[in-house]
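A.B. asks: predicted model and sequence below, questions to follow.
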Amino acid sequence: MTELQHIREVKTALPRRIVDGDTWWCYVDLGYRQLGYFEFRLHGWDTPEKQGPLTTELERQVARSAAAVATAWWNAQIQAGDRRILIQSEKDPEKYGRWLGVLWAETASGQRFPLGEHLAILGLAVPSDGTAGTRWRDVHG
């Protein structure tokens, strides 16, 4: 399992794209007044895929729901006004070139609101290490 080390703040006012509940693009504050636009994969969680040769209609529907919930979660954190969105990441070893990341919102007092757990509570994500038997399709298929 990859060890996650780098914690950065996601710049919430800037555009981002949520592909499905566990994959998104966002701007990250790299420090020294530098921003980077990166694709992330939610570390430790899996949601169904929106497309693919084996993707069922149920998976597509749940993937759209997961993307909508992730978008709503993101917007709720921004609207709360007292939170910043943080990501802890390390380079993903997958061929897709994405970064693995744990994403959460945090208040000034340190209270955390993690995206992965939020999706799991709603049945839209499952804990996964990426191996066979731990993907959303394996659990709900």
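C.D. replies: Nice, thanks for sending it over. Residues are numbered from 1 along each chain as shown.
A.B. asks: rest of the way, CA atoms for contacts and neighbours
C.D. replies: Will do.
A.B. asks: buried set for stretch 80-99?
C.D. replies: Neighbour-count burial for stretch 80-99 flags 83-92, 98-99 (criterion: 16 or more other C-alpha atoms under 10 Å).
A.B. asks: likewise for stretch 23-31?
C.D. replies: The neighbour-count check on stretch 23-31 (16+ other C-alpha under 10 Å) flags 23-29 as buried.
A.B. asks: which one of these is nearest residue 49?
C.D. replies: Using C-alpha to C-alpha, residue 23 comes nearest to residue 49 of those, at 9.8 Å.
A.B. asks: of the buried residues of stretch 23-31, which is the nearest to residue 131?
C.D. replies: Taking C-alpha to C-alpha as the measure, residue 131 lies nearest residue 23 of the buried residues of stretch 23-31, at 17.4 Å.
A.B. asks: quick one: neighbours of the nearest residue to the closest one once chain neighbours are set aside, just the number.
C.D. replies: Leaving aside its sequence neighbours, residue 23 sits nearest to residue 41 (C-alpha to C-alpha, 6 or more residues apart in numbering; 4.6 Å). As a burial measure, residue 41 scores 24 neighbours (other C-alpha atoms under 10 Å).
A.B. asks: show me the buried residues of stretch 23-31 that map onto strands.
C.D. replies: 23-29 (DSSP state E).
A.B. asks: and the next helix or strand past the helix or strand of the chain with the lowest mean pLDDT?
C.D. replies: Lowest mean confidence among the helices and strands of the chain (mean pLDDT, DSSP states H and E): strand 6-10, at a mean of 76. Note on strand 6-10: by DSSP states H and E, the next helix or strand toward the C-terminus is strand 17-20.
A.B. asks: would you mind writing the CA trace of that following strand as CSV?
C.D. replies: Provided in CSV are the C-alpha atoms of strand 17-20 (Å, rounded to 0.1, in the frame of the first residue of the first chain):
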residue,chain,number,x,y,z
ARG,A,17,-14.2,18.4,-12.6
ILE,A,18,-15.5,15.3,-10.8
VAL,A,19,-15.4,12.3,-13.1
ASP,A,20,-17.1,9.9,-10.8
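A.B. asks: biggest helix in this protein, by residue count?
C.D. replies: When the chain is parsed with DSSP state H, its longest helix is helix 57-80.
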